[in-house]
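K.L.:
just to be clear, the model below is a prediction. Sequence and coordinates:
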Amino acid sequence: MEAKENVICMTHPLIQHKISRLRDKNTGTNEFRKLVEEIAMLEGFEALKDLPMEDVEVETPIETCMTPMIAGRKLAVVPILRAGLGMVEGLLALVPTAKIGHIGLYRDEVTHEPHEYYCKLPDPIEERTIVVVDPMLATGGSAVDAITMIKKHGGRDIKFMCIIAAPEGVERLSKAHPDIQIYVGHLDRCLNEQAYICPGLGDAGDRIFGTR
Ligand code: PRP
Ligand code: URA
């Protein structure tokens, strides 16, 4: 896949180490959940580095000074259900005041196309920076539909954050929504015939929630 301006692939050793632990089929549910949360926080640190700042007046024990704080637009975190839920706490650790929206999509097992079953977003969504989270960007169908839904509700300033992506998903998402920034923990090799990411980590939802 050729390099794209709107796609940022993480290189930090901590993120890469934790993703390798996630991949291991012997990593159990408890550790898996913790790792997803930690990786989301580390990726969030990068994804939020362009939040607008403003100088505010603060009185220190020594004197009054002007000092920078996050300004303006408020943050919304929107997990794609179910697996995206695992990333929410990681971002809330960085911005505890963020509002949370939810988009419910599941992939049809045969066509691999997403089906919507839920959408509830903070109102008004147009005034917020929105971070859509889902650990897996496979065919890209779920991310494309989720962002289309958010745009229909008025969302404009949108970022998408995943832990593992397939090149096919990155291509589809950046073609459908060239205006959004995509943050990828690790870019994997390809999709298999069942549209699972290779080498990937298996089914993220099942591994987070301990289902099959
Ligand atoms: C997984 C994953 C993404 C989607 C990615 O969810 O969490 O939402 O598949 O695949 P795509 O890029 O091909 O659309 P799934 O539909 O399995 O639902 P779940 O989170 O409820 O397990
Ligand atoms: N969804 C997952 O959970 N894993 C994949 O590899 C692809 C889609």
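P.N.:
Nice, I can see it. Numbering: from 1, shown residues only. Ligands and ions are numbered 1, 2, ... in the order given.
K.L.:
residues from this structure in reach of ligand 1?
P.N.:
The chain has residues 80-83, 105-107, 112, 114, 134-143, 169, 195, 203-205 near ligand 1, with proximity defined as C-beta under 6 Å from any ligand atom. (C-beta placed from N, C-alpha, C; glycine too.)
K.L.:
mind checking which of the residues you listed land in strands?
P.N.:
Taking DSSP state E as the definition of strands, those contribute Ile80, Leu81, Leu105, Tyr106, Arg107, Pro114, Met136, Leu137.
K.L.:
of these - the most surrounded one?
P.N.:
Leu137 (29 neighbours; other C-beta atoms under 10 Å).
K.L.:
what pairs with that one across the strands?
P.N.:
Taking DSSP bridges as the rule, Leu137 bridges to Ala165.
K.L.:
contacts only, for it.
P.N.:
Applying C-beta atoms under 8 Å, 6 or more residues apart in numbering to Leu137 gives the contacts Ala143, Phe160, Cys162, Ile164, Ala165, Ala166, Gly169, Val170, Leu173, Ile182, Val184.
K.L.:
return the distance of the helix or strand encompassing Glu171 from the chain's centre.
P.N.:
Using DSSP states H and E, Glu171 sits within helix 167-176. The chain centroid and the centroid of helix 167-176 are separated by 15 Å under C-alpha atoms, centre = their mean, to the nearest Å.
K.L.:
what's the answer for stretch 134-153, then?
P.N.:
How far stretch 134-153 lies from its chain's middle: 10 Å, per C-alpha atoms, centre = their mean.
K.L.:
state the distance from Pro96 to Ser20.
P.N.:
According to C-beta to C-beta, to the nearest Å, Pro96 stands 29 Å off from Ser20.
K.L.:
so those two - more neighbours on which side?
P.N.:
Set side by side, Pro96 and Ser20 show more neighbours around Ser20, with 13 against 7, by other C-beta under 10 Å.
K.L.:
so which elements touch the helix or strand containing the more buried one?
P.N.:
When elements are assigned from DSSP H and E, Ser20 belongs to helix 13-23. Counting contacts by 3 or more C-beta pairs under 8 Å, 6 or more residues apart in numbering; DSSP states H and E, helix 13-23 packs against helix 29-47, strand 157-165, strand 181-187.
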